[in-house]
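Novice: any chance you can model this:
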Amino acid sequence: MTPMQRLPLLLLCTGVWLAPLRAQDPVPEKGDGGDPPQGQRVEKLEEWPALGRQDVDRLLGSLKQFHKEDEELWDGARKNLVALGEAGMPLLMQKVTDRGDNVNPQIFLVLDEVLAPRHAALMAREIKKPKVELRRYLVRRIARFHDRDMLPVLQAVTKDKDPDIAFHAALGALALGDRAALEPVLEYSKSRWDEIGDEVATVLPAARGREAGNWVFELIAKRPPGDQMAGLRLARYLATKDHHLMLRTYLNANEHSVKKEAINALRVMNGEEPLEKLTVFQVIEMAKEWLKKV
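Specialist: Predicted coordinates:
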């Protein structure tokens, strides 16, 4: 019987699968847009404030600066748009486009500074509109808010036809404790880790705990190495010290790629940066060292 085949039996014998599930306190994460502490309800705006006629002209004039080549003009335009505040956000979002000739990156920088969790319900309305680039941006921002009120919104958007939108909705739902979102997050991340790894590292630790860690190890226990690698990458941000025994099993895996991801899971869980490029020799030696520690 190989180490991977022994894993389900090992889990049962240690009681990790069957022990009462108590979520540990999530690892504090610095959020953007004035994120509240985890679990705190935020009073949300029901309508955007009105934008005066003169402010409309200021907004449109500032947007024109983004179309010029002088990047110093962009900085001034961003400051002007941020100064207009939340009242200018609906019109600004209307200017996001799916066309190639766009100033979306500059607009998104303004939205980054102004939009906050109290705008989540209003942002959710915009997700229903057809502009793909705007919807991609908004889903990513809402996922970072870790707002439990937004879980139904994120769950609905996991069915989106755009794979990027569906993934970020699933990631946000998983961060809020939706176990059903684990499978799609794992599947999407298998071939796109270089693209989305940083976002996973930002969003997912909100769900870190024994329960969420158990979900990962239950899912990948009998899966092929590719799935185990992807699951161990998620375990970096979901698992706790309660899962060290399971990670020992993967440190002893025959596949060096799986062994490497077990090493990185332990590194991140212990406050170290993951090492994405390791030689076979380095993997073998690091695995030996971690086996002495856990």
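
Novice: the helix or strand residue 122 falls within packs against which elements?
Specialist: Here residue 122, judged by DSSP states H and E, is contained in helix 120-127. In terms of contacts (3 or more C-beta pairs under 8 Å, 6 or more residues apart in numbering; DSSP states H and E), helix 120-127 is packed against helix 132-145, helix 151-157. (Glycine included, C-beta is placed from N, CA and C.)

Novice: which one of these lies closest to residue 261?
Specialist: Smallest distance to residue 261 across the helices and strands packed on helix 120-127 (C-beta to C-beta): 23.3 Å, for helix 132-145.

Novice: what's the angle between the closest one and helix 120-127?
Specialist: 150 degrees (axes from the mean of the first three to the mean of the last three C-alpha atoms, to 10 degrees).

Novice: before we move on, the earlier item: how far off centre is the helix holding residue 122?
Specialist: 18 Å (C-alpha atoms, centre = their mean, to the nearest Å).

Novice: again, but for stretch 169-187
Specialist: 9 Å.

Novice: buried ones in that stretch, by neighbour count?
Specialist: Across stretch 169-187, burial judged by 16 or more other C-beta atoms under 10 Å covers 169-178, 181-182, 184-186.

Novice: could you list the residues in contact with that stretch?
Specialist: Stretch 169-187 has contacts (C-beta atoms under 8 Å, 6 or more residues apart in numbering) with 23, 139, 142-144, 146, 148, 150-151, 154-158, 160, 166-167, 188, 196, 199-200, 203-207, 211-212, 215-216, 219-220, 227, 230-231, 234.

Novice: one more time with 6 Å
Specialist: Stretch 169-187 is contacted from outside by 139, 143, 146, 148, 151, 154-155, 157-158, 203-204, 206-207, 215, 230-231, using C-beta atoms under 6 Å, 6 or more residues apart in numbering.

Novice: quick check on those: which are buried?
Specialist: 139, 143, 146, 151, 154-155, 157-158, 203-204, 206-207, 215, 230-231.

Novice: what sits closest to residue 159 if chain neighbours are left out?
Specialist: residue 166 (6.8 Å; C-beta to C-beta, 6 or more residues apart in numbering).

Novice: my guess is the one you found contacts residue 160. True?
Specialist: Yes. Counting by C-beta atoms under 6 Å, residue 166 touches residue 160, with 4.5 Å between them.

Novice: correct me if wrong: residue 143 contacts residue 204.
Specialist: No. When contacts are counted by C-beta under 6 Å, residue 143 is not listed as touching residue 204 (9.6 Å).

Novice: ok, the residue lying closest to residue 207 once chain neighbours are set aside to residue 293 distance?
Specialist: Nearest non-adjacent residue to residue 207, counting by C-beta to C-beta, 6+ apart: residue 175, 4.9 Å away. Applying C-beta to C-beta, to the nearest Å, the value for residue 175 to residue 293 is 28 Å.

Novice: swap in residue 209?
Specialist: In terms of C-beta to C-beta, residue 209 sits 22 Å off from residue 293.

Novice: sorry, back to before: identify the residues contacting the helix holding residue 122?
Specialist: 44-45, 93, 135, 138, 142, 145, 147, 150, 153.

Novice: can you show me the helices along the stretch 151-294 of the chain?
Specialist: For the stretch 151-294 of the chain, applying DSSP state H, counting those that start in this stretch gives helices covering 151-157, 163-175, 182-203, 210-220, 225-238, 244-251, 256-269, 280-293.

Novice: which of the ones you listed sits closest to residue 113?
Specialist: Minimum separation from residue 113 across those (C-beta to C-beta) falls at helix 182-203, 17.2 Å.

Novice: that closest one relative to helix 210-220, how many degrees between them?
Specialist: 130 degrees.

Novice: average pLDDT across helix 182-203?
Specialist: Per-residue pLDDT over helix 182-203 has a mean of 97.

Novice: start at 381 instead
Specialist: All right, first residue 381 from here; so that's helix 562-583.

Novice: and the angle from that helix to helix 543-555?
Specialist: Using the same axes, to 10 degrees, helix 562-583 lies at 80 degrees relative to helix 543-555.

Novice: centre of the chain to helix 562-583, how far?
Specialist: Chain-centre distance of helix 562-583: 8 Å, with C-alpha atoms, centre = their mean.

Novice: stretch 493-501 now?
Specialist: The chain centre lies 17 Å from the centre of stretch 493-501; the measure is C-alpha atoms, centre = their mean.
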